[in-house]
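predicted model, plus sequence, below.
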Amino acid sequence: DGDEHHDTKHGTDFYDHGSAFFDSSSSDATDRADGKRRMPRHQERQLNMDTFGAEGVQGNNRRGNRRYGGRPEPGDVARMRAGLEEQLAARDEATASMVAAAQDVGALHRQELCSMLPPLVLAPRAGDAVLDLCAAPGGKATQIAARMHNSGLLIANEIQHKRIPALVGNLERCGVVNYALTRAPGAMLARYFHNYFDRILLDAPCSGDGILCKNKKMLRYWSVADARHQAQQQKGLLRAAFHMLRPGGFLVYSTCSIEPQENEERIAALLRRCPGLVEIETRLFLPHRGEGDGGYYSLLCNPAKKES
């Protein structure tokens, strides 16, 4: 009958390797066609009732739904769902409080995925000389310092005076001690640090259309003309970064834009101007694909010159 078919399908296969969990001498235990023992029906039914009863759904032992310990009473599923949602909300609130406390004492710094990847791809090492050319508000700079184990030299440069307090605040809060703060245009820095840095991160100013999904107020300021203006700034910053990169060093260019004229076209123009550069890795983040904020990064290498 239907019950016998159900017991054979569900109660048996799960306990193929668990014959020690039930009494083989019980009169309710039967043999399968393949010779293996099956859990007695009353034990299987009790197991199901215990399992699903613990989740708030109490079975009524009526015939036809023994797999779940009987049919749930009206409202049981809704009560169980409400209870689970309440537990998840409490857990999320506790997690958020813990993360906020950890951030306040400098144990961590929260960032989006597309913001965390450029420092990871840059892969700074302990003892390196590293430049963060557009460092504010400091999230990537703190991540770089952590990868360097607070050793070597980290130059955190920011040209906009109003953004420096946030940069310094994040660096100090996270306990960074190997940094020096500068406020100079990229072209000026290139005069003093020619072929100096082992690693350079250029998180360039951009139109920011990759984060419109998070901050729709930016639609008031975004325009095609602004994107073109930002692209011209990015061109100059990339050239300055190349001049400060030593042979054998690595440069990561990143934006929070998804515009080709601010991303791929800028890298293509730099590669045409500096044929020795090699593009190793590139990635574009698109918000509609569920990758978080939109953005872009490209990893470039300045190969070491061969000795003649």
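The structure has been received and is ready for your questions.

and the residue nearest to the spatial centre of the chain, how far is that from residue 101?
Nearest to the geometric centre of the chain sits residue 113, at 3.8 Å (Cα atoms, centre = their mean). Note on residue 113: its distance to residue 101, by Cβ to Cβ, to the nearest Å, is 23 Å. Every C-beta, even on glycine, is put in place using the N, C-alpha and C of the backbone.

how about residue 168?
Per Cβ to Cβ, residue 168 is found 22 Å from residue 101.

more neighbours, these two?
Comparing residue 168 with residue 101 by other Cβ atoms under 10 Å, the one with more neighbours is residue 168, at 19 against 10.

the more buried one against residue 179, yeah?
No. Using Cβ atoms under 8 Å, residue 168 makes no contact with residue 179, being 9.3 Å away.

same question for the helix or strand residue 297 falls within, mean pLDDT?
Per DSSP states H and E, residue 297 falls inside strand 295-301. Mean pLDDT, strand 295-301: 97.

next one: that strand to chain centre, how far?
In terms of Cα atoms, centre = their mean, to the nearest Å, the centre of strand 295-301 is set 17 Å apart from its chain centre.

what do you get for stretch 274-286?
Taking Cα atoms, centre = their mean, the mean C-alpha location of stretch 274-286 is offset from the chain mean by 21 Å.

mind starting the numbering at 3 from now?
In the new count, where the first residue is 3, that last one comes out as stretch 276-288.

adjacent strands (with direction) for the strand holding residue 299?
The pairing partners recorded for strand 297-303 under DSSP bridges are strand 247-257 (antiparallel), strand 280-287 (antiparallel).

make CSV out of those and add mean pLDDT and distance to residue 190.
Shown next, in CSV, are the strands paired with strand 297-303 (pLDDT from 0 to 100; distance: least, Cβ to Cβ, whole Å):
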stretch, mean pLDDT, distance to residue 190
strand 247-257, 97, 16
strand 280-287, 95, 27
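
redo the ones you listed as JSON lines? Include distance to residue 269 and mean neighbour count.
Output for those, formatted as JSON lines (distance: least, Cβ to Cβ, whole Å; neighbours: other Cβ atoms under 10 Å):
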{"stretch": "strand 247-257", "distance to residue 269": "6", "mean neighbour count": "22"}
{"stretch": "strand 280-287", "distance to residue 269": "6", "mean neighbour count": "15"}
